[in-house]
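1. My questions are about this predicted structure, shown below with the sequence.
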Amino acid sequence: MFSSTEIFMVIGLLPAALLLFYIYKMDRIEKEPKGLLIGLFFLGVGATIPTIIVEVLLSILNNGIFFGSFTNDYEYLAVDGRVYLYEFVNNFFGIALVEEGFKWLFMFLLTRKNKNFNCLFDGVVYAAFVSLGFAAAENVMYVFTGGLVTGMLRMITAVPAHCAFSVVMGYFYGKWFISRNAGALEKNLYQNRVIVTAPRGFGAGKYLLLSLIVPMVIHGFYDFCCTFTSYSWVYWFLLFLLLIFLYIVCFRTVYVLSKKDAYITYLCMEKVLERYPDTAGYLCRMPEHILFFMPQVIQASIMNREPHGVKITANHMYYAHPLPVTKPKPVPQPVYPQPQPTLYAQPVNRPQAQPVQYAQPVNRPQAQPMQYAQPVNRPQAQPVQYAQPMNRPQAQPMQYGQPMNGAQAQPVQYAQPGPAAGQAPYTTQPGNLEPVGGYRRLGGTPTVSLPDQNQNPYHTR
């Protein structure tokens, strides 16, 4: 299935790959370019070549100084003071200083002017990729020469130890970068006569030296303990305590720096304002930027640890990022329930229907015949007593008033029947002209002519 070479490569590279993935994920504010990180890793791999050459030369020189034999390999028979001194010089300066020195040198040359170096945690990331690249290449060589047992042992000792060395180196390297830029800002304030005292700097050289010396000392002590483990169990105990200490320091430092990570510009302004609090107004109104922040904003951000985005380098100052560059969170899309296939239920074993048990007739009491109520003795209706006629006075005949003194009313003279048929409709007497048809004029005597009933066909006898 897998050849021995492939297995050795996996064992040699796996611990370094896992630790690099962890360091990369802890970079919270702004991820570093992948091309830069890959370049740092292979620089660490390439650092093994000059390291081997220099270590061999120093070992020959060290053997010649302490034992008078300029050879690469020298075995001593007894452990005495000279041997302890020899191993101290060989482990601290011949091995630790050389390895940590080449890793530090390659990291420094590639990142000291890199524009992506703008956060405190970036120093840890750069140092980890260089150091673990070196540890991966070294571990592969030890696995191929010592076998699987050596590879498994170094997986839990040497490779995590190199990661711890790199975290310490990256921490002080980031502090150096901050102090260097803070010193450049202080110098700018002095040149613009904002401050009158000569710039004193912020100890940038001290942090740069510590970024090399501290990991070298830890690495040297680790190698010193590993050298004498075959002579006394005390060195095994010291090595065990050192590894526990390194693991705690490594992962604790990575967690704290990732949580408190901020832009280097903000940290530079914080250092300057701690020394010169009266310069807050000028820092907010530097001519190179457009936005104008109030001094209270900067002072409040120092208390709350909120980055500004003012990028300050050794040559110029300008506003680069107002806020940390973070990817926007994707808007959650509504999740609609997917239609589930219809699962037809299996026939349920239901109990069989039992035959209906009809209830036995209930012994109910027989209905009693209805007793009709007796007629009620009601009083007899009395005959209606009609009211007696009232004694009203008799109506008296209307008495018409007496005629007024005027012309006497003439009695009405009804017309007499007119002349018979054949007679003249009017009499020829003067003043009594009769009209035709049995009517007369006022004052005349009319004549009435009745039709012949024998000639009327509608006449009924």
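-> That came through, no problem.
2. Show me which positions of the longest helix that the chain contains end up buried.
-> Using DSSP state H, we find that the single longest helix of the chain is helix 158-191. If you call a residue buried by 16 or more other C-beta atoms under 10 Å, then helix 158-191 has these buried ones: 158-186, 188-189. The way it works is simple: take the backbone N, C-alpha and C, and place the C-beta from them, glycine included.
3. Over to stretch 218-231?
-> For stretch 218-231, by 16+ other C-beta under 10 Å, it's Ile218, His219, Gly220, Phe221, Tyr222, Asp223, Phe224, Cys225, Cys226, Thr227, Phe228.
4. Would you check that the fourth one makes contact with Leu243?
-> Think Phe221. No - the pair Phe221 / Leu243 is not scored as a contact, 11.3 Å apart, by C-beta atoms under 8 Å.
5. quick one: Glu99 and Gly220 touch, right?
-> No - Glu99 lies out of contact with Gly220 (C-beta under 8 Å); the separation is 9.9 Å.
6. Number of residues surrounding Glu138?
-> Other residues lying near Glu138 total 23 when counted by other C-beta atoms under 10 Å.
7. Roughly how far does Thr265 sit from Val272?
-> Going from Thr265 to Val272 by C-beta to C-beta, to the nearest Å gives 11 Å.
8. the more surrounded of the two?
-> Remark: of Thr265 and Val272, Thr265 carries more neighbours, 26 against 23, as counted by other C-beta under 10 Å.
9. The more buried one - that's part of a helix, no?
-> Yes - counting by DSSP: H, G, I helix; E, B strand; the rest coil, Thr265 is part of a helix.
10. does it really touch Cys119, like I thought?
-> No - contact criterion C-beta under 8 Å: Thr265 and Cys119 do not qualify, at 9.6 Å.
11. can you pull out the helices in the stretch 51-200 of the chain?
-> 81-89, 97-111, 122-146, 148-156, 158-191 (DSSP state H, counting those that start in this stretch).
12. how about a markdown table for the ones you listed, with distance to Tyr276 added?
-> Shown next, in a markdown table, are these (distance: least, C-beta to C-beta, whole Å):
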| stretch | distance to Tyr276 |
| --- | --- |
| helix 81-89 | 45 |
| helix 97-111 | 29 |
| helix 122-146 | 26 |
| helix 148-156 | 49 |
| helix 158-191 | 7 |
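13. orientation of the following helix or strand past the longest helix of the chain relative to helix 158-191 in degrees?
-> Downstream of helix 158-191, the first helix or strand assigned by DSSP states H and E is helix 204-227. Put simply, helix 204-227 runs at 170 degrees to helix 158-191, going by axes from the mean of the first three to the mean of the last three C-alpha atoms, to 10 degrees.
14. by contact count, what packs against the helix or strand following helix 204-227?
-> Per DSSP H and E, the first helix or strand lying C-terminal to helix 204-227 is helix 233-259. On a contact count with 3 or more C-beta pairs under 8 Å, 6 or more residues apart in numbering; DSSP states H and E, helix 233-259 meets helix 122-146, helix 158-191, helix 204-227.
15. try 7 Å
-> With contacts taken as 3 or more C-beta pairs under 7 Å, 6 or more residues apart in numbering; DSSP states H and E, helix 233-259 sits against helix 158-191, helix 204-227.
16. Adding mean pLDDT and distance to Ala353, write those out as TSV.
-> Formatted as TSV, the helices and strands packed on helix 233-259 follow (pLDDT from 0 to 100; distance: least, C-beta to C-beta, whole Å):
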stretch	mean pLDDT	distance to Ala353
helix 158-191	90	75
helix 204-227	92	86
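17. Dump these to a markdown table, plus distance to Phe93.
-> As requested, these are exported to a markdown table (distance: least, C-beta to C-beta, whole Å):
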| stretch | distance to Phe93 |
| --- | --- |
| helix 158-191 | 16 |
| helix 204-227 | 8 |
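18. closest one to Gly64 among those helices?
-> With C-beta to C-beta, the closest approach to Gly64 among the helices and strands packed on helix 233-259 belongs to helix 204-227: 19.3 Å.
19. quick one: low-confidence ranges for the stretch 351-461 of the chain?
-> Within the stretch 351-461 of the chain, the set of residues satisfying pLDDT under 70 comprises 356, 358-362, 365, 367, 369-379, 381, 383-461.
20. and the residue lying closest to Gly44 once chain neighbours are set aside, how many neighbours does it have?
-> Using C-beta to C-beta, 6 or more residues apart in numbering and skipping the chain neighbours, the partner closest in space to Gly44 is Gly133 (2.6 Å). Residues near Gly133, counting by other C-beta under 10 Å, number 28.
21. tell me the mean pLDDT over stretch 267-286?
-> The pLDDT scores in stretch 267-286 average 78.
22. nope, stretch 104-115 is what I meant
-> In the prediction, stretch 104-115 has an average pLDDT of 90.
23. Can you list the buried residues in it?
-> For stretch 104-115, by 16+ other C-beta under 10 Å, it's Trp104, Phe106, Met107, Phe108, Leu110, Thr111.
24. thought the last one was touching Tyr126?
-> When you say that, I think you mean Thr111. Yes - counting by C-beta atoms under 7 Å, Thr111 touches Tyr126, with 5.0 Å between them.
25. Dihedrals phi and psi, Pro334?
-> Phi and psi for Pro334, reported as degrees, to the nearest 10, are phi -60, psi 130.
26. pLDDT at it, what is it?
-> On the pLDDT scale, Pro334 gets 72.
27. neighbours around it, how many?
-> Around Pro334 sit 4 other residues, with neighbours defined as other C-beta under 10 Å.
28. who's in contact with Leu208?
-> Each residue near Leu208 by C-beta atoms under 7 Å, 6 or more residues apart in numbering is listed here: Trp176.
29. the inter-axis angle of the helix or strand where Gly35 lies versus helix 97-111?
-> In this structure, Gly35 sits in helix 34-46 according to DSSP H and E. Between helix 34-46 and helix 97-111, the angle comes out at 160 degrees (the same axes, to 10 degrees).
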